[in-house]
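Visitor: structure for this input, please:
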Amino acid sequence: MKQKNAIYPGSFDPITKGHMDIIKRSAKMFDKLYVAVLTNSSKSCCFTIEERMEMMRKCTSDMQNVEVCTFSGLLAEYAKKIDVVTSIRGLRAVTDFEYEFQMALTNKKINKELETIFLTTNSKYMYLSSSIVKEIARNGGDISDFVPSVVLDDIKNRLQRKD
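Guide: Presented below is the predicted three-dimensional model:
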């Protein structure tokens with residue numbers, strides 16, 4: 001029987017508990033989940049691709065069916081390459097849907113086999129974004145409720161001001 005594999009792409013700059021919620025739930029639904037850490041050309045990242053991949057590996061180390069990867073180019077093409085037909089996208093609010101829906105339709109046009117599944121974030125993380133975490137950390141705020149504990153120091157050490 002063919003394995004059911006999926007990919008969850010994102011910049012994860014930095015990873016949040018909201019991301020982990022989507023990863024944990026997706027990992028239960030699929031035989032293998034590729035978590036693809038990407039460089040987003042429209043975003044300026046605080047952490048290098050290597051740092052983000054290492055943080056993701058720390059956060060998913062106890063999940064046997066999760067593989068952290070990266071790629072350049074189009075998701076739809078990479079999915080073909082690794083024989084994945086399902087992309088996972090997390091939605092926090094209605095404002096996320098329009099962009100994600102547009103991306104899903106575009107990916108489907110490029111790769112007719114690629115389906116996108118939208119998972120709504122747990123309500124306790126609906127407000128949470130990497131941008132918010134970065135802003136709080138840069139201003140000395142406590143981010144321990146927002147990021148996995150195994151990467152808390154990595155994030156604080158990079159972002160907190162040393163005034």
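
Visitor: for the helix or strand bottoming out on mean pLDDT in the chain, the distance to its chain's centre please.
Guide: When each helix and strand of the chain is scored by mean pLDDT, DSSP states H and E, helix 94-110 comes last, with a mean of 90. Centroid displacement of helix 94-110 relative to its chain, using CA atoms, centre = their mean, to the nearest Å, is 16 Å.

Visitor: how about the secondary structure of E67?
Guide: Following DSSP: H, G, I helix; E, B strand; the rest coil, E67 is assigned to strand.

Visitor: I'd say it and D31 touch.
Guide: No: under the criterion of CB atoms under 8 Å, E67 makes no contact with D31, lying 11.3 Å away. For glycine as for every other residue, the C-beta is placed from the backbone atoms N, C-alpha and C.

Visitor: looking at those two, which has the bigger crowd around it?
Guide: Counted by other CB atoms under 10 Å, E67 and D31 do not tie: E67 has more neighbours, with 16 against 12.

Visitor: residues in contact with the more buried one?
Guide: Applying CB atoms under 8 Å, 6 or more residues apart in numbering to E67 gives the contacts 32-35.

Visitor: bridging residues for it?
Guide: Counting by DSSP bridges, E67 forms beta bridges with Y34.

Visitor: what pLDDT does it get?
Guide: E67 carries a pLDDT value of 98.

Visitor: again, but for M1
Guide: On the pLDDT scale, M1 gets 56.

Visitor: same question for A93.
Guide: pLDDT for A93: 78.

Visitor: could you measure the nearest residue to it once chain neighbours are set aside against T16, distance?
Guide: In space, and not counting its chain neighbours, A93 is closest to M126: 6.3 Å by CB to CB, 6 or more residues apart in numbering. Distance from M126 to T16, counting by CB to CB, to the nearest Å: 12 Å.

Visitor: out of those two, which sits in the more crowded spot?
Guide: T16 (24 against 14).

Visitor: look up phi and psi at the more buried one.
Guide: Taking degrees, to the nearest 10, you get phi -120, psi 170 for the backbone angles of T16.

Visitor: pretty sure it is touching I136, no?
Guide: No: T16 is not in contact with I136 according to CB under 8 Å; the separation is 11.2 Å.

Visitor: what touches both of these two?
Guide: By CB under 8 Å, 6+ apart, the residues touching both T16 and I136 are F146.

Visitor: list the buried residues for stretch 82-94?
Guide: 84-92 (16 or more other CB atoms under 10 Å).

Visitor: mind saving the C-alpha coords of it as PDB?
Guide: Extracted C-alpha coordinates of stretch 82-94, given in PDB (Å, rounded to 0.1, in the frame of the first residue of the first chain):
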ATOM      1  CA  ILE A  82       9.500  13.700  -3.200                       C
ATOM      2  CA  ASP A  83       6.300  11.900  -4.200                       C
ATOM      3  CA  VAL A  84       3.900  14.000  -2.000                       C
ATOM      4  CA  VAL A  85       0.400  14.800  -3.100                       C
ATOM      5  CA  THR A  86      -0.800  16.700   0.000                       C
ATOM      6  CA  SER A  87       0.300  20.100   1.300                       C
ATOM      7  CA  ILE A  88      -0.700  21.300   4.800                       C
ATOM      8  CA  ARG A  89      -1.400  24.900   5.500                       C
ATOM      9  CA  GLY A  90      -2.400  26.400   8.800                       C
ATOM     10  CA  LEU A  91      -5.100  29.000   9.100                       C
ATOM     11  CA  ARG A  92      -5.300  31.400  12.000                       C
ATOM     12  CA  ALA A  93      -8.100  33.700  10.800                       C
ATOM     13  CA  VAL A  94     -10.100  34.600   7.700                       C
END
